[in-house]
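Q: Sequence and predicted model, in that order:
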Amino acid sequence: MPAKIFYDVLVVDHSPLAQNMYQVLFSTNDRFRLRFSEEYESLFKRSTRFRPDLLLINSNAIAQDQELKFPSPTILIASKSRTDIKESAAEVSDLYLLEKPFYPYDLLSIAHKMVRDKREKPRRGRPPGKGEKRKK
């Protein structure tokens with residue numbers, strides 16, 4: 001039996017109720033490992049070796065007029081009133097903007113899609129292909 005592939009998801013949200021909801025939602029699928037952070041700024045103080053497979057960020061954790069940059073594919077959950085985030089999110093790659101209120105299982109399906117898309121991209125320095133050996 002092959003080993004299970006786990007995906008690290010870092011959730012940035014300061015609400016304990018929302019963190020509990022994410023824990024319950026992602027626990028239905030044993031492929032995801034969740035970690036939590038309460039501040040957006042703490043993302044860049046972490047070790048550079050820790051790169052989650054997916055970031056899940058609530059717009060309440062981001063201050064007004066703050067530059068958006070993310071080290072990995074990101075789902076940004078924003079309320080309808082946060083127009084500043086919606087405008088700056090249009091320029092960021094590997095970002096999916098999910099507007100509140102949302103259906104929780106939509107979030108789970110988006111997370112699966114973003115992790116799958118990340119896995120299918122060829123790595124830098126390697127030619128695309130499924131493990132094909134180069135001819136000498």
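A: It's in.

Q: Report how many residues lie close to L54.
A: Counted with other CB atoms under 10 Å, the neighbours of L54 add up to 23. C-betas here are computed from N, CA, C, even on glycine.

Q: Run through the residues that contact it.
A: Counting by CB atoms under 8 Å, 6 or more residues apart in numbering, L54 touches Y7, D8, V9, L10, S72, P73, T74, I75, A111, M114, V115, K118.

Q: Tell me the pLDDT of the residue nearest to S37 when sequence neighbours are not counted.
A: Closest residue to S37 apart from its sequence neighbours, by CB to CB, 6 or more residues apart in numbering: V12 at 4.9 Å. In this model, V12 is scored at 88, pLDDT.

Q: what's the nearest residue to R35 if we skip its chain neighbours?
A: Excluding its sequence neighbours, the residue lying closest to R35 (CB to CB, 6+ apart) is L10, at 5.1 Å.

Q: Is that neighbour in a helix, a strand, or coil?
A: Look at L10: counting by DSSP: H, G, I helix; E, B strand; the rest coil, its state is strand.

Q: pretty sure it is in contact with S37, am I right?
A: Yes - at 6.2 Å, L10 counts as touching S37 under the criterion of CB atoms under 8 Å.

Q: Helices along the protein, start to end?
A: Secondary structure of the chain (DSSP state H): helices at 16-27, 83-89, 104-120.

Q: who touches the shortest one?
A: Just to be clear, that refers to helix 83-89. For helix 83-89, contacts defined as CB under 8 Å, 6+ apart pick out S59, I62, Q64, D65, E67, L68, L76, A78, L95, L97.

Q: Show me which positions of that helix end up buried.
A: Using 16 or more other CB atoms under 10 Å as the test for burial, helix 83-89 gives I85, K86, S88, A89.

Q: Same check on the longest one?
A: The neighbour-count criterion (16+ other CB under 10 Å) identifies L107, L108, I110, A111, M114, V115 as the buried residues of helix 104-120.

Q: That's all I had, so thanks and see you.
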